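Undergrad: Only the shape, not the letters, is given here:
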């Protein structure tokens with residue numbers, strides 16, 4: 001006689017690659033990735049450590065954009081504004097009030113969340129290209145506002161603000177670049193963990209439902225207006241924290257550092273990494289930082305053309321981004337294993 005049927009018997013077998021469960025492969029990749037990341041500041045020169053730190057910072061900013069665009073379906077070309085607000089929040093607190101850089105991150109998160117939420121409220125009336133146009137206007141306006149005489153006393157106007165790069169605490173035998181890399185890495189891990197749990201939660205499912213079918217989501221009792229505004233706020237929070245980290249790492253902020261080109265770069269990173277993919281934002285961050293430098297190494301006069309060609313090749317070879325390529329490779333390996 002057969003025993004009682006349980007949930008274990010009813011559950012489908014977990015996908016495997018090479019006889020190892022797919023979840024175990026993901027865990028191994030995560031562990032190896034963290035181990036390599038932990039070794040970076042001790043094997044590379046300071047300049048490369050600084051560059052990788054900036055790539056991680058851009059990845060956090062792209063993650064914020066992805067929460068808004070990839071998971072909630074709201075199109076934005078203005079996240080450079082939130083990045084600038086976060087950066088100036090950190091710079092003003094450190095330079096004007098002599099507050100520790102650690103406390104500038106929650107302050108930048110709060111300021112940007114409020115700003116993003118308030119911007120998201122009137123933006124509820126806009127969708128698609130009209131919302132993109134509104135966020136584009138925000139990206140254009142913020143750098144000009146930072147230069148104005150109204151706030152020049154705080155922002156330093158065109159000259160910007162120079163801050164001191166923090167040293168490692170507790171007498172740790174690390175230079176500034178090594179410490180900021182590790183500090184940024186810890187912040188990034190925390191924010192990626194929060195984003196992953198958010199998307200897997202009931203709130204995350206509501207965000208995706210709004211993206212896929214807002215009318216059906218509203219009929220199911222989801223407060224579409226509130227969720228959209230809150231998503232704008234959370235997205236701005238992530239990008240603002242990235243801006244604060246960027247200001248601390250570079251030790252300088254100026255309005256011309258946050259032009260519309262930065263907004264476009266973040267959007268490119270989102271597409272290259274993969275829309276609605278959390279791990280893909282890491283690839284997007286590295287693409288945003290390193291590919292323009294690679295293009296310039298080929299030809300300074302034709303750097304833009306080379307960058308465009310590289311971007312076209314990437315989009316052609318990976319039409320769904322790095323995340324889509326990863327899913328395709330995983331699918332092929334699973335088929336071969338069968």
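TA: Everything's here; your move. Computed from a predicted model, the values in this text were never measured in an experiment.

Undergrad: Tell me how many other residues surround residue 333.
TA: By the criterion of other Cβ atoms under 10 Å, residue 333 has 15 neighbours. No exception for glycine: its C-beta is placed from N, CA and C like everyone else's.

Undergrad: Check residue 44 too.
TA: 16.

Undergrad: Residue 228 now?
TA: 23.

Undergrad: I'd guessed it sits against residue 68; true?
TA: No - using Cβ atoms under 8 Å, residue 228 makes no contact with residue 68, being 9.1 Å away.

Undergrad: Mutual contacts of the two, please.
TA: By the contact definition Cβ atoms under 8 Å, 6 or more residues apart in numbering, residue 228 and residue 68 are jointly contacted by residue 74.

Undergrad: got the buried residues for whichever strand or helix holds residue 249?
TA: Assigned by DSSP states H and E, residue 249 falls within helix 224-250. Burial within helix 224-250, assessed by neighbour count using 16 or more other Cβ atoms under 10 Å, is assigned to 227-250.

Undergrad: Report pLDDT for residue 6.
TA: Note on residue 6: pLDDT of 50.

Undergrad: excluding its backbone neighbours, what's nearest residue 211?
TA: residue 73 (3.3 Å; Cβ to Cβ, 6 or more residues apart in numbering).

Undergrad: same thing with residue 252?
TA: Ranked by Cβ to Cβ, 6+ apart and with sequence neighbours excluded, the top spatial neighbour of residue 252 is residue 162, at 5.2 Å.

Undergrad: Quick one: residues contacting the one you found.
TA: Per Cβ under 8 Å, 6+ apart, neighbours of residue 162: 95, 251, 252.

Undergrad: Any chance of the residues you listed in JSON lines with distance to residue 39 and pLDDT as columns?
TA: Shown next, in JSON lines, are the contacts of residue 162 (distance: Cβ to Cβ, whole Å; pLDDT from 0 to 100):
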{"residue": "95", "distance to residue 39": "34", "pLDDT": "94"}
{"residue": "251", "distance to residue 39": "25", "pLDDT": "96"}
{"residue": "252", "distance to residue 39": "29", "pLDDT": "96"}
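
Undergrad: Return the list of helices and strands in contact with the next helix or strand after the helix holding residue 249.
TA: As assigned by DSSP H and E, the chain's next helix or strand after helix 224-250 is strand 252-253. Here strand 252-253 touches helix 79-96, strand 161-162, going by 3 or more Cβ pairs under 8 Å, 6 or more residues apart in numbering; DSSP states H and E.

Undergrad: What about residue 319, how many residues nearby?
TA: Residue 319, neighbours per other Cβ under 10 Å, totals 10.

Undergrad: where are the low-confidence patches of this structure?
TA: Within the chain, the stretches falling below the threshold (pLDDT under 70) are 1-19, 22, 337-338.

Undergrad: and with 80 instead?
TA: The chain contains residues with pLDDT under 80 at 1-26, 123, 331-338.

Undergrad: Show me where the stretch 101-250 of the chain has its helices.
TA: With DSSP state H, counting those that start in this stretch, the ranges of helices along the stretch 101-250 of the chain come out as 101-123, 129-147, 152-155, 176-200, 202-212, 214-219, 224-250.

Undergrad: ok, now which ones touch the residue nearest to residue 262 when sequence neighbours are not counted?
TA: Nearest residue to residue 262, sequence neighbours excluded (Cβ to Cβ, 6+ apart): residue 80, at 3.8 Å. For residue 80, the contact set (Cβ under 8 Å, 6+ apart) comprises 139, 142, 258, 259, 260, 261, 262, 263, 266.

Undergrad: Out of these, which sit inside helices?
TA: Using DSSP state H, 139, 142, 260, 261, 262, 263, 266 are the members of the contacts of residue 80 that sit in helices.

Undergrad: Excluding chain neighbours, what is closest to the fourth one?
TA: Nearest-residue entry for residue 261: residue 80, 7.9 Å, with adjacent residues in sequence omitted and distances by Cβ to Cβ, 6+ apart.

Undergrad: Tell me how far that neighbour lies from residue 266.
TA: 7 Å (Cβ to Cβ, to the nearest Å).

Undergrad: Can you turn the buried part of the ones in helices among the contacts of residue 80 into a PyMOL selection?
TA: Here is the PyMOL selection string for the buried members of the ones in helices among the contacts of residue 80, based on 16+ other Cβ under 10 Å:
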select buried, resi 139+142+260+262+263+266
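
Undergrad: Serialize the ones in helices among the contacts of residue 80 to a markdown table and add fields for distance to residue 39.
TA: Supplementary listing: the ones in helices among the contacts of residue 80 in a markdown table, determined by distance: Cβ to Cβ, whole Å:
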| residue | distance to residue 39 |
| --- | --- |
| 139 | 37 |
| 142 | 38 |
| 260 | 37 |
| 261 | 33 |
| 262 | 30 |
| 263 | 33 |
| 266 | 28 |
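
Undergrad: Just give me the closest of the ones in helices among the contacts of residue 80 to residue 28.
TA: The shortest gap between residue 28 and any of these belongs to residue 266, at 30.4 Å (Cβ to Cβ).
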